[in-house]
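Visitor: sequence and predicted model, in that order:
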Amino acid sequence: MNTTVTLKKGLFGRLNLRQKTILIICLTSLLLFVIVISSLVLGGESLPTNFGFKNLAPSLEHPFGTDWMGRDMFIRTLEGLGLSIIIGAIASTFSTILAMILGLLSSAGKKTDSFVSWLVDLFLSIPHLLLIILISIGLGGGAFGVIVGVALTHWTSLTRVVRAEIKQLKTQEYVHVSGNLGKSRWWIATKHIFPHLIPQILLGTILMFPHAILHEASVTFLGFGLSPHEPAIGIILSESMKYLSAGYWWLAFFPGLALLIVVLLFDMIGDNLGRLMDPKSAHE
Amino acid sequence: MKHEKLLKFGGHEKLLGFAGKKTFKLISLLIVVCLASFWLIEQSPIDPVRAYIGEMSVTPEKQAQLEEYWGVNSPPQEKFLNWAGNILKGDFGTSLIYRIPVTDVIKEKFTASLILMAASWLISGILGFILGIIAGMKRGTWIDKIIKTYCYTLAATPTFWLALVLLMVFSVYLGWFPIGLSVPIGVTADNVTFLDWLHRLILPAVTLSLLGVAQIAMFTREKLKEVLSSDYVLFAKARGEKGLNLVLRHGVRNVALPAITLQFLGFSELFGGAVLVEQVFSYPGIGQAAVSAGLRSDVPLLLGIVLVSALFVFFGNTMADIIYEFVDPRIKQEEAAS
């Protein structure tokens, strides 16, 4: 952790690409932060329903149009995005914790290692979406069901990364030397191995976000996730299907596009952070 | 002569070992999937008797009979053994929604889905491969940038939203394709002509293909980049080969196998995409059946579909393994050398 901080300090302001990368990360994070905050602020009050303004096409006053109850779609979308990001954050965090535990477990011994790979194979054997639906049904649906479903299906790739990283670190010379010098296993784990894992885990969590958000929206769209009262993007889109043949295209178009942009932003943050952390490309 | 025979024998043994290992894995996997999914459904607040009765009015005697049939009052392990035993006999129970045996429902729906998935699998594979080769060849140019942007955007696109947008543009505005319902109103499923059916397949297949392109194109691009910076390509260049010919002779051959392998590994994503696309276009496939089974608490059908989907994904993974172990000439050569 310390190394990355000093690297940032030492090189910031000198290298062009690095500057750009950091700027992109800051701006995208700020945008996502604003979305979450504004949705939290807006979430407190219920949206005004005004039947005089129902099903209006996008205009300056209502940039995303209005729905069948005269609610402003822009505000509904904003609330939905905030909800999506929050759910994605909770699910990704749990997934990361799971991945860390299982990754550490797999490095503990041969038996636990084969158990973990068996578990990974098992979770990859059913299509993700179907598995989330199944877990969500098992837990009785709702936000809780979706969060657990998404958290339980997204740890596999990060577990593999953590497992491979630990395996590689264990063969390093300084770890052997440390062991020969009489340092305890715990000391080696916390001082030598864990610091190397942090950036990988951080990056893995951020790259998990887009998947988690998309899966949550999909499951909610199909009707297994959040309840229809929540302002989720999945709900908005499944509602819009009823009005498709009426030609109210803005009901589906803008909320989906907004979701796409949020997912892209997360991808961008992840890619740029990865570039920053990878020593091979960090000095370009 | 003798050496060849030995090799053949070795190959045979390897094949048997491979098949044995895979079969064992499949059986253990299916057992665990059965157990886990059954347990999940058991945890849920679904009441099979009430789901079966639905809107019908029944006498208490009939209800007691139904409860006995579903084993509501028996302990879960007994229920599971009962269900698992029936499955071993090939009896998946009766679907609550369709009121016909689950195997018949799955057979019909899965065939429809298989055609959809196969079509988009092929299209996305071929298109993605070609785009990846082009991007890799013209690395750094505007064409590469366009393809890269396309892939990044498509990878972030919600499947169901793309389906909705295509439906709005081509069905609602242009009116080229029907909105929803795979069978025209007033025509029974048997009387649908091949063209009618093809007409309804196009949009879902296009949606799935567009999304599938992203991963395979990016992968091919990266692989081609690797190949083009290898020593043998440098040597080929030194010999005077260049341009498309060089890529076709040295690049495509080396990239094709890993790309096909990756495409087989994508069966799980393909199935998930099909579920969403079928729901939007009301295509009567296995995905739509799974969603309605879940929403309307059709437990036997849902469990049956989960098992079939696990088999489907397993088939894809096994195909990838076979390509890796048996088809890849580099691995063959390594074995021959050792």
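Guide: Cool, got the structure. Residues are numbered from 1 along each chain as shown, chains lettered A, B, ... in the order given.

Visitor: wouldn't A:L169 be in contact with A:H192 here?
Guide: Yes - under the criterion of C-beta atoms under 8 Å, A:L169 makes contact with A:H192 at 7.2 Å. In this view, the C-beta of every residue, glycine as well, is placed from N, C-alpha and C.

Visitor: now for the two: what residues contact both?
Guide: Jointly contacting A:L169 and A:H192 under the rule C-beta atoms under 8 Å, 6 or more residues apart in numbering or on different chains are A:V175.

Visitor: how far away is A:I135 from A:I97?
Guide: 17 Å (C-beta to C-beta, to the nearest Å).

Visitor: give me the more crowded residue out of those two.
Guide: A:I135 (24 against 14; other C-beta atoms under 10 Å in any protein chain shown).

Visitor: which strands or helices does the strand or helix carrying the more buried one pack on?
Guide: A:I135 is part of helix A:128-138, with elements assigned from DSSP states H and E. With contacts taken as 3 or more C-beta pairs under 8 Å, 6 or more residues apart in numbering or on different chains; DSSP states H and E, helix A:128-138 sits against helix A:142-153, helix A:194-222, helix B:2-43, helix B:267-281, helix B:286-295, helix B:299-322.

Visitor: ok, now which ones touch the residue in the stretch 101-250 of chain B that chain A sits nearest to?
Guide: Closest to chain A within the stretch 101-250 of chain B is B:W161: 3.3 Å, counting by C-beta to the nearest C-beta. Counting by C-beta under 8 Å, 6+ apart, B:W161 touches A:L237, A:A252, A:G256, A:L257, A:L259, A:L260.

Visitor: so which one among those has the lowest pLDDT?
Guide: Within the contacts of B:W161, A:A252 has the lowest pLDDT, namely 80.

Visitor: so how far is B:L164 from that residue?
Guide: Taken as C-beta to C-beta, the span from A:A252 to B:L164 is 5 Å.

Visitor: overlap in contacts, these two.
Guide: In contact with both A:A252 and B:L164: A:L237, A:S240, A:M241, A:L244, using C-beta under 8 Å, 6+ apart.

Visitor: can you get me a residue count around residue 80?
Guide: I went with chain A, as the question did not name one. 26.

Visitor: my question was about chain B, not that one.
Guide: 16.

Visitor: assign it to helix, strand or coil.
Guide: Under DSSP: H, G, I helix; E, B strand; the rest coil, B:F80 falls in the helix class.

Visitor: with A:E230 instead?
Guide: Classified using three-state DSSP, A:E230 is coil.

Visitor: quick one, phi/psi of it?
Guide: phi -70, psi 150 (degrees, to the nearest 10).

Visitor: in the stretch 151-284 of chain A, what residue comes closest to chain B?
Guide: Closest point on the stretch 151-284 of chain A to chain B, by C-beta to the nearest C-beta, is A:G256, at 3.3 Å.

Visitor: work out for me the element the closest residue to that residue other than its chain neighbours sits within.
Guide: Closest residue in space to A:G256, ignoring its immediate chain neighbours: B:W161 at 3.3 Å, by C-beta to C-beta, 6 or more residues apart in numbering or on different chains. Per DSSP H and E, B:W161 falls inside helix B:159-166.

Visitor: picking up where we left off before, roughly how far out does whichever helix or strand the residue of the stretch 151-284 of chain A closest to chain B is part of sit from the chain middle?
Guide: If you go by DSSP H and E, A:G256 is part of helix A:250-277. Centroid separation for helix A:250-277 versus its chain: 10 Å, with C-alpha atoms, centre = their mean, to the nearest Å.

Visitor: now do it against helix B:159-166, angle only.
Guide: Taking axes from the mean of the first three to the mean of the last three C-alpha atoms, to 10 degrees, one finds helix A:250-277 and helix B:159-166 inclined to each other by 130 degrees.

Visitor: and helix A:250-277, what does it pack onto?
Guide: Right, helix A:250-277 is packed against helix A:2-11, helix A:16-43, helix A:73-106, helix A:194-222, helix A:233-240, helix A:279-282, helix B:142-156, helix B:159-166 by 3+ C-beta pairs under 8 Å, 6+ apart.

Visitor: which ones are touching the closest residue to B:L96 other than its chain neighbours?
Guide: Leaving aside its chain neighbours, B:L96 sits nearest to B:D298 (4.3 Å; criterion: C-beta to C-beta, 6+ apart). The neighbours of B:D298, taking C-beta under 8 Å, 6+ apart as the test, are B:A51, B:S95, B:L96, B:I97, B:S292.

Visitor: now the buried members of those residues.
Guide: Buried members of the contacts of B:D298, counted by 16 or more other C-beta atoms under 10 Å in any protein chain shown: B:S95, B:L96, B:I97, B:S292.

Visitor: give me the subset of those lying in strands.
Guide: The strands, defined by DSSP state E, take in nothing from the buried ones among the contacts of B:D298.

Visitor: mind putting these in JSON lines, distance to A:L27 and pLDDT included?
Guide: JSON lines is the format used below for these (distance: C-beta to C-beta, whole Å; pLDDT from 0 to 100):
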{"residue": "B:S95", "distance to A:L27": "52", "pLDDT": "77"}
{"residue": "B:L96", "distance to A:L27": "52", "pLDDT": "74"}
{"residue": "B:I97", "distance to A:L27": "50", "pLDDT": "75"}
{"residue": "B:S292", "distance to A:L27": "44", "pLDDT": "86"}
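
Visitor: pick the one among those residues closest to chain A.
Guide: B:S292 (9.6 Å).

Visitor: which one is the closest one nearest to, not counting chain neighbours?
Guide: B:S292's closest residue in space is B:I97 (C-beta to C-beta, 6+ apart), at 6.1 Å.

Visitor: residues near residue 198, how many?
Guide: I went with chain A, as the question did not name one. 12.

Visitor: wait, chain B
Guide: 12.

Visitor: pLDDT of stretch B:102-119, averaged?
Guide: Stretch B:102-119 comes out at a mean pLDDT of 87.

Visitor: how far off centre is that stretch?
Guide: 11 Å.

Visitor: before we move on, the earlier item: want to throw the helices and strands packed on helix A:128-138 into JSON lines with distance to A:P228?
Guide: Converted to JSON lines, the helices and strands packed on helix A:128-138 look like this (distance: least, C-beta to C-beta, whole Å):
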{"stretch": "helix A:142-153", "distance to A:P228": "11"}
{"stretch": "helix A:194-222", "distance to A:P228": "9"}
{"stretch": "helix B:2-43", "distance to A:P228": "23"}
{"stretch": "helix B:267-281", "distance to A:P228": "16"}
{"stretch": "helix B:286-295", "distance to A:P228": "13"}
{"stretch": "helix B:299-322", "distance to A:P228": "22"}
